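Undergrad: The following comprises the amino acid sequence and a computationally predicted model.
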Amino acid sequence: AQKVTQAQTEISVVEKEDVTLDCVYETRDTTYYLFWYKQPPSGELVFLIRRNSFDEQNEISGRYSWNFQKSTSSFNFTITASQVVDSAVYFCALSERLKGNKLTFGGGTRVLVKP
Amino acid sequence: GAVVSQHPSRVICKSGTSVKIECRSLDFQATTMFWYRQFPKQSLMLMATSNEGSKATYEQGVEKDKFLINHASLTLSTLTVTSAHPEDSSFYICSARTTVQETQYFGPGTRLLVL
């Protein structure tokens, strides 16, 4: 079973639309971290956010927002008023303390924002 | 802060030759560095974990004699692909982490093409 599941492989939206990326994780560890990274066409992974398992507060950073719900093991990411520059592959990742905090990535969601 | 560089960004080599890729943390000391491999349109797969001054820990299925990793200082880790073959062609990405933070910061990646 996959530890990190990103059910949407590709999402296409028109500029200014909102887009939500789903991430469901699986762990038995009580201490873990969840991450989102952005990978634009250039290939570099850009860190967006880190959340620890004890902090379920949602977070907003500009047009980005994250919804962490332990009850459903989900850590969803929303881009509000999308822009062409948001076009990229977005990866959700899990790191578990009992596994040395190595990152396990989801399969990624490719977001295409059309003008 | 938290900048990681990789060199070279792109390399083309003949089958049978060895290729060395460098990963440097520019503004922080990285006790731990990680090496990932990414095939086109796929997610990142962890190859090995490198701790400064000790032998790297390889993930299952990764040949340690094929992918030599050295982490000689707190700011530099190298990955050498020995006797490269066309199937080794891939995008190799490193990341670095300090002892305090749990966030991994990624380098820009190296595209390897073996002819």
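TA: Yes, it's here. The structure displayed is predicted, hence computed values, not measured ones. Residues are numbered from 1 along each chain as shown, chains lettered A, B, ... in the order given.

Undergrad: Enumerate the residues of chain A near chain B.
TA: Taking C-beta under 8 Å from any C-beta of the partner chain, the part of chain A that reaches chain B is made up of A:33, A:35, A:37, A:42-47, A:50, A:52, A:91, A:95, A:100-108. From N, CA and C alone the C-beta is placed, and that goes for glycine too.

Undergrad: just the buried members of those?
TA: By the neighbour-count criterion of 16 or more other C-beta atoms under 10 Å in any protein chain shown, the residues of chain A next to chain B include these buried positions: A:33, A:35, A:37, A:43-45, A:50, A:91, A:95, A:101-108.

Undergrad: Show me those that map onto helices.
TA: Within these, no residue falls in helices by DSSP state H.

Undergrad: helix or strand for residue B:68, which one?
TA: strand B:67-73 (DSSP states H and E).

Undergrad: Can I get that strand in PDB? Just the C-alpha atoms.
TA: Taking Å, rounded to 0.1, in the frame of the first residue of the first chain, the C-alpha atoms of strand B:67-73 are listed here in PDB:
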ATOM      1  CA  PHE B  67      26.400   4.400  -7.000                       C
ATOM      2  CA  LEU B  68      29.300   5.500  -4.800                       C
ATOM      3  CA  ILE B  69      28.400   8.100  -2.300                       C
ATOM      4  CA  ASN B  70      30.900  10.200  -0.300                       C
ATOM      5  CA  HIS B  71      30.000  12.800   2.300                       C
ATOM      6  CA  ALA B  72      33.400  14.100   3.300                       C
ATOM      7  CA  SER B  73      32.300  17.400   4.800                       C
END
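
Undergrad: Just give the nearest non-adjacent residue to residue A:76, would you?
TA: Distances taken as C-beta to C-beta, 6 or more residues apart in numbering or on different chains put residue A:67 closest to residue A:76, at 4.7 Å, once the chain neighbours are dropped.

Undergrad: The helix or strand that contains the one you found - what's its average pLDDT?
TA: Using DSSP H and E, residue A:67 sits in strand A:64-69. Mean pLDDT, strand A:64-69: 96.

Undergrad: again with stretch B:64-71
TA: On average, stretch B:64-71 scores 93.

Undergrad: If you count neighbours, what's buried in it?
TA: B:67, B:68, B:69, B:71.

Undergrad: would CSV of those with distance to residue B:38 be doable?
TA: Formatted as CSV, the buried residues of stretch B:64-71 follow (distance: C-beta to C-beta, whole Å):
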residue, distance to residue B:38
B:67, 14
B:68, 20
B:69, 17
B:71, 21
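
Undergrad: Looking at chain A, what residue ends up closest to chain B?
TA: For chain A, the residue closest to chain B is residue A:45, as judged by C-beta to the nearest C-beta, at 3.8 Å.

Undergrad: This completes my enquiry, with thanks.
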